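**Student:** Provide a 3D model corresponding to the input given below.
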Amino acid sequence: MEVSQERAAGIVEWVRGRGRILIVTHDNPDPDSIAAAVALRHLLLIQTGQNAVIGFGGIIGRRENLNMVMELEIVLTPISTLELDQFDVVCMVDTQPGTGNNSYPADRKVHLVIDHHPPRAELLQVDWVDVREAYGASATILYEYLCSQGIRLNTRLATGLFYAIKSETQDLGREWSRADREAYLRLLPLSNNRILFRIARPQVPGNYFSIFKRAIENSRIYGPVLVFNLFQIDNPDMVAELADFMLRHEGVIYVLGMGWYQGGEVISLRTIEPEAKLGVVAREILRDLGSAGGHGMMAGGQVKPMAEDEHSQRELELMITRRFIKALDVEPTPGVALVGKD
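**Tutor:** Take a look at the predicted model:
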């Protein structure tokens, strides 16, 4: 907490009086990115009187994430609709310059980055950097900032931060730290349980289940590795959601999921192996194809541009599958369909 107090105070004083502020999340923002952005906006508003705009790219596609935004009345603005020249301070949360997973132009200056992903070389050009790889959620860092500055958390803010840590660490079951656990336990009694229930258990349309069907029918198992291809999708978040779901298959240790969305291939990696270093694996398998990053047990990436036709996507699937199995040092085995054809 002492580190957070020093950094939060320094950031506040640096930002004070510098003009309009933009906070950028990663594309298709998840609860951690959203909650961290809201917490940073609250910190700056309370301490400096300066309000900030939260900008994002892509869509908020996953129904839980959409419910979170609606239930907590969070205002987010598509970055494509913003006149970027009007902002004097640009912050990034849960993402970094050069990752390829945010829509802020790469040639524009970024002043502040708060993240829990591995640091990139582009951070050398950033004025203020707080990257904590050991933390399970960026929301935990911002929670510490608020506490260190003596800022009271209202129910909505506490609920958002709690849900972010809960979802990012899967209830402290995946890649959590002592700081995450402490924040989780302190935020729980401050949160609104009814809102949490509505966020976590949304009703979904019928085509949601057809995507599960498609994933199951297009899954193949290579020993401890399961690979699925959703082909064309209208919600990029479904790749990560299905990757988490498929990891429940008995005997599967690693999952590679993919789907085509708006001119690019979305890739998601998951594992139950704590020492897998999937962020490194993702960068290796997509080294000459696209961008990638992540943590030890989950990672993702994208290939752009990518042809829409099924043949091209199947070729990419085979190439990435071979690289994935090799990078994991898993003995190659013939792929077996998850389910037989009717």
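**Student:** okay, CA-based contacts and neighbour counts for the rest of this
**Tutor:** Will do.
**Student:** so I199 makes contact with M68?
**Tutor:** Yes - taking contacts as C-alpha atoms under 8 Å, I199 lies within contact range of M68: 5.4 Å.
**Student:** can you give me the strands for the stretch 151-300 of the chain?
**Tutor:** 219-222, 225-232, 254-261, 264-271, 291-294, 298-303 (DSSP state E, counting those that start in this stretch).
**Student:** just the angle between the fourth one and strand 298-303, please?
**Tutor:** Same thing as strand 264-271. Interaxial angle of strand 264-271 relative to strand 298-303 (axes from the mean of the first three to the mean of the last three C-alpha atoms, to 10 degrees): 160 degrees.
**Student:** Now do strand 264-271: which elements does it pack against?
**Tutor:** Counting contacts by 3 or more C-alpha pairs under 8 Å, 6 or more residues apart in numbering; DSSP states H and E, strand 264-271 is packed against helix 237-246, strand 254-261, helix 278-285, strand 298-303.
**Student:** so after the last one, what's the next helix or strand?
**Tutor:** Past strand 298-303, heading to the C-terminal end, the next element that is a helix or strand (DSSP states H and E) is helix 310-327.
**Student:** Compare neighbour counts for I199 and M68 and give me the winner.
**Tutor:** Applying other C-alpha atoms under 10 Å to I199 and M68 shows that M68 carries more neighbours, namely 25 against 22.
**Student:** Can you name the residues that contact Q5?
**Tutor:** E144, Y145, S148, Q149 (C-alpha atoms under 8 Å, 6 or more residues apart in numbering).
**Student:** Name the member of these with the most neighbours.
**Tutor:** Y145 (24 neighbours).
**Student:** tell me the SS of it?
**Tutor:** helix (DSSP: H, G, I helix; E, B strand; the rest coil).
**Student:** close enough to count as contact, it and G10?
**Tutor:** No - in this structure Y145 lies outside contact range of G10 using C-alpha under 8 Å: 10.9 Å.
**Student:** what sits in contact with each of these two?
**Tutor:** With C-alpha under 8 Å, 6+ apart, Y145 and G10 have no common neighbours.
**Student:** Please consider this matter closed, and thank you.
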